[in-house]
Every structure is written in C-alpha cells, then in structure tokens.
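Novice: sequence and predicted structure, then a few things I'm wondering about:
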Amino acid sequence: MAVNALDELRDLHTHFNLLRGADSALLKANNFDTKLNHLGHLVDELERQRETYFNLTSIDGALEMLLELLHAAHAEKLYSDHLHCLMEPLRGKLYRALNEMEAII
C-alpha cells in the first residue's frame, strides 16, 4: 500500500509525540512541545483537505456525466434553464471546495 505525504507527516508527528514532556534541556530550550502542538494543528488542517479532495472528485464525476448527457442529447433541443439546473449544484460544490482549500493554503 502506497503511503501518501499526509500519512507520513501524521506518522512523524506520532513518533515525535513520544518525546513530549521529555526531560531534555535541548528540547525545552527549543520549545519542542509547543512546536509539536503546532505541527499537530497543521496536520489536522491538512487532513481536512482529504474531504475537499473527495468533494472535487465527485464534481469531476458529475461533470463527466453531464458531458455524456449533452453528447447523447445532441439532436434534442436544450434550453438554458435545463443546463442551469444541472450545473448550479456543481458550481456550488466547487465554490465550497475552493473556499476550504483557500482557508488552508
């Protein structure tokens, strides 16, 4: 099974977490526990991107289906309100996914 970068980062955080509160002058002088907390927060924020990714893949699938529908209906009269009804939910999902990504990046 391939491990992605986010999973590797989570594993590193878990590994370094074993050093939390260690009685080491070097770790204390460099605010290790504080930096570890910050790293954990960043990993959690990046973890939210998984959901955004799945939202984007569902949009991709819906757009593919929409294109197939349009191709199949090439001989039929198509009104703009039909397209609007099909595309508006996709635009909303895409907008939300982009906002979620913007909050992280």
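Specialist: Sure, I can see it. Note that the coordinates shown come from a computational prediction; the quantities given were computed from them, not determined experimentally. Numbering: from 1, shown residues only.
Novice: from here on, just use CA atoms for contacts and neighbour counts.
Specialist: Will do.
Novice: where in this structure is pLDDT low?
Specialist: 1-2 (pLDDT under 70).
Novice: rerun at 90
Specialist: Residue ranges of the chain with pLDDT under 90: 1-7, 22-23, 26-29, 45-87, 89-91, 93-94, 96-105.
Novice: hmm, what's the outermost residue in it?
Specialist: residue 75 (38.9 Å; CA atoms, centre = their mean).
Novice: distance check, that residue against residue 81.
Specialist: Computed as CA to CA, to the nearest Å, the residue 75 to residue 81 distance reads 18 Å.
Novice: now do the helices in this protein.
Specialist: 5-17, 25-29, 32-72, 80-104 (DSSP state H).
Novice: mind putting the ones you listed in a markdown table, mean neighbour count included?
Specialist: Converted to a markdown table, those look like this (neighbours: other CA atoms under 10 Å):
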| stretch | mean neighbour count |
| --- | --- |
| helix 5-17 | 13 |
| helix 25-29 | 11 |
| helix 32-72 | 14 |
| helix 80-104 | 13 |
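Novice: wait, what's in contact with the residue nearest the centre of the chain?
Specialist: The residue lying closest to the centre of the chain (CA atoms, centre = their mean) is residue 49, at 1.8 Å. Residues near residue 49 by CA atoms under 8 Å, 6 or more residues apart in numbering: 100, 101.
Novice: any idea how far residue 98 is from it?
Specialist: 10 Å.
Novice: go on, residue 70?
Specialist: 26 Å.
Novice: next, count neighbours for residue 21.
Specialist: Residues near residue 21, counting by other CA atoms under 10 Å, number 11.
Novice: grab the nearest non-local neighbour of it.
Specialist: residue 33 (6.8 Å; CA to CA, 6 or more residues apart in numbering).
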